[in-house]
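[1] Below is the structure, and that's it, no one-letter string:
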């Protein structure tokens, strides 16, 4: 890591600490900035920089790091037919949507649904 990169990283971490401190204080941004002798415009600039860094970090991830599917094997409880299928369905809440995923749902289909919900 070069010195300029180290400085940028340190500044970003320090700004993140201050933004977190403001949020935990329970004070409005204006009051917190006044009490800490920080210009509000600086605070909002830091917030933009933190968000940019977070977006860049997300964009830099490799596709395999973003995947979060795990195969789950469910064993039957002795019931059969429709009753058993209803018991084995998976209910999942994702971004405010409730999904009932029936047995046999293809991973590709579920991935498409989750991707569509993620674009909201």
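    Everything's here; your move. Quantities reported herein were computed from a predicted structural model and do not represent experimental measurements.
[2] Residue 98: what's it in contact with?
    By CB atoms under 8 Å, 6 or more residues apart in numbering, the contact set of residue 98 is 91, 92. Backbone N, C-alpha and C define where each C-beta goes, glycine included.
[3] Quick check: bridge partners of it?
    With DSSP bridges as the criterion, residue 98 is bridged to residue 93.
[4] how near is it to residue 36?
    As for residue 98, its distance to residue 36 is 43 Å (criterion: CB to CB, to the nearest Å).
[5] In space, what's closest to residue 90 - neighbours in sequence excluded?
    Excluding the flanking residues, the one nearest residue 90 by CB to CB, 6 or more residues apart in numbering is residue 101, at 4.4 Å.
[6] Would you mind finding the longest helix in this structure?
    helix 3-25 (DSSP state H).
[7] shaky segments in this structure?
    Filtered on pLDDT under 70, the chain yields the residue ranges 1, 58-89, 94-96, 119-120.
[8] which residues of it fall in helices?
    According to DSSP H, the chain carries its helices in the segments 3-25, 29-35, 40-60, 63-66, 81-88, 107-118.
[9] Show me which positions of the last one end up buried.
    Pointing back at helix 107-118 there. Within helix 107-118, the residues scored as buried using 16 or more other CB atoms under 10 Å are residue 114.
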